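**Student:** Any chance you could fold what I've pasted below:
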Amino acid sequence: MTEVRGPRAGESWHQPGMNSHAGGGPVVLSWRDVQAGAADVHDGHNVVFHEFAHQLDGESGSVEGAPALERRSGYLAWARVLGAEYQALIDDLRNQRPTVLGPYAASSPAEFFAVVTEAFFEKSLELKARHPEMYRLLADFYRQDPAMLRTAPAR
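**Tutor:** Down below sits the predicted model:
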């Protein structure tokens, strides 16, 4: 445990030469930000999801917004859909249109993937409604459908 003053919520470190079998490196999280992310599970901000998305992204060999996918053919759809969504976000922000994701997601494709991951788990209904094709790719990748859980009737 280290205490560092500064505006860091979390960090995902990647060590050169490490692959998904050996682990990508440590994840450093601010406990205060972990608690804040868990306090409101629908605000779209969760440092744990965000930093672990960076770890998954790094499993492909570099951190560029495309994690290691099961099939090589999956990269075509991933690049087409997420690339178009990333550009659309930049355009929406330039034109001051409301977005599900916010400006930090537009800082790089890697941050886009991490922020989209947060939204996938915490703003699933809104993400699915506004970005259905991207939501489907994420649901396939994560093998989960959090929007379905939010709309399921209580028993």
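
**Student:** can you pull the pLDDT of residue 131?
**Tutor:** Looking at residue 131, its pLDDT stands at 97.

**Student:** and it, what does it touch?
**Tutor:** In this structure, residue 131 makes contact with 85, 100, judged by CB atoms under 8 Å, 6 or more residues apart in numbering. Backbone N, C-alpha and C define where each C-beta goes, glycine included.

**Student:** Let the chain start at 59 from now.
**Tutor:** Got it, the first residue is 59 from now on, which makes the last one we talked about residue 189.

**Student:** so how far is residue 146 from it?
**Tutor:** Per CB to CB, to the nearest Å, residue 189 is found 9 Å from residue 146.

**Student:** Show the residue spans covered by the helices in the protein.
**Tutor:** Applying DSSP state H to the chain gives helices spanning 89-97, 105-116, 132-152, 167-180, 182-188, 190-200, 204-209.

**Student:** residues making contact with the third one?
**Tutor:** Put plainly, it is helix 132-152. The contact list for helix 132-152, computed with CB under 8 Å, 6+ apart, reads 123-124, 127, 156-157, 159, 161, 163-164, 167, 170-171, 174, 189, 191-192, 195.

**Student:** picking up where we left off before, take the helices of the chain and write them to JSON lines, including distance to residue 83 and mean neighbour count.
**Tutor:** Below are the helices of the chain laid out as JSON lines (distance: least, CB to CB, whole Å; neighbours: other CB atoms under 10 Å):
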{"stretch": "helix 89-97", "distance to residue 83": "18", "mean neighbour count": "13"}
{"stretch": "helix 105-116", "distance to residue 83": "8", "mean neighbour count": "22"}
{"stretch": "helix 132-152", "distance to residue 83": "23", "mean neighbour count": "15"}
{"stretch": "helix 167-180", "distance to residue 83": "15", "mean neighbour count": "23"}
{"stretch": "helix 182-188", "distance to residue 83": "28", "mean neighbour count": "18"}
{"stretch": "helix 190-200", "distance to residue 83": "21", "mean neighbour count": "18"}
{"stretch": "helix 204-209", "distance to residue 83": "27", "mean neighbour count": "14"}
